[in-house]
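> All I have is the shape, not the residue letters:
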């Protein structure tokens with residue numbers, strides 16, 4: 001396990017979520033699965049999956065089946081950088097098409113409530129550069145649900 005690991009709280013679905021993430025994103029995998037040695041306050045029983053080690057795009061994570069007490073919120077999200085519209089579409093469609101929900105400005109939520117920002121690099125580069133191009137790219141992004149690479153590129157160019 002890494003020295004710094006992101007811990008995501010799930011209501012019994014840590015293994016299913018980790019398996020989905022590993023199948024969807026590159027440099028991702030499911031690692032060790034820990035089983036509860038006894039009943040726990042979150043409603044889990046002895047022998048249930050308690051913790052799942054996994055990575056998402058090389059980031060070390062654990063999923064804790066802690067019960068329904070602490071649901072996911074937008075206060076945490078994975079931000080996935082994409083190189084093209086095809087890559088943006090692939091990740092977006094995988095999350096939304098697997099029981100997730102669309103949100104605004106490139107955000108979506110998977111069926112377990114974890115939030116994702118699917119962000120084309122053209123937007124990040126425009127914002128990093130600042131100035132009028134960043135303002136135009138930002139204004140374009142604010143009108144979108146899934147981000148449109150061509151529209152952001154046009155906005156950066158002033159078209």
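Here it is on my side, so go on. Owing to the predicted nature of the structure, the values given are computational and were not obtained by experimental measurement.
> Let me see the contact set for the spatially most central residue of the chain.
Central residue of the chain (CA atoms, centre = their mean): residue 116, 3.2 Å from the mean position. Residue 116 makes contacts with 77-80, 91, 95, 107-110, as judged by CB atoms under 8 Å, 6 or more residues apart in numbering. Every residue, glycine included, has its C-beta placed from N, CA and C.
> Of those, which belong to strands?
The strands, defined by DSSP state E, take in 77-80, 107-109 from the contacts of residue 116.
> how about the strands of the chain, start to end?
6-10, 29-35, 49-56, 59-65, 77-82, 101-102, 107-109, 115-120.
> any chance of these in CSV, plus distance to residue 159 and mean pLDDT?
Formatted as CSV, those follow (distance: least, CB to CB, whole Å; pLDDT from 0 to 100):
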stretch, distance to residue 159, mean pLDDT
strand 6-10, 39, 97
strand 29-35, 42, 98
strand 49-56, 35, 98
strand 59-65, 36, 97
strand 77-82, 21, 98
strand 101-102, 26, 98
strand 107-109, 25, 98
strand 115-120, 17, 98
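> before we move on, the earlier item: counting neighbours, which of the contacts of residue 116 comes out on top?
Using other CB atoms under 10 Å as the neighbour criterion, residue 95 leads the contacts of residue 116 with 25 neighbours.
> domain ranges for this structure?
1-69, 72-159 (automatic domain parsing).
> Show me where this structure has its helices.
Assigned by DSSP state H, the chain shows helices spanning 14-24, 85-97, 121-129, 131-141, 149-157.
> What is the end-to-end distance of stretch 51-63?
This stretch, stretch 51-63, spans 5 Å end to end (CA to CA, to the nearest Å).
> Repeat that for stretch 30-43.
Using CA to CA, one end of stretch 30-43 lies 24 Å from the other.
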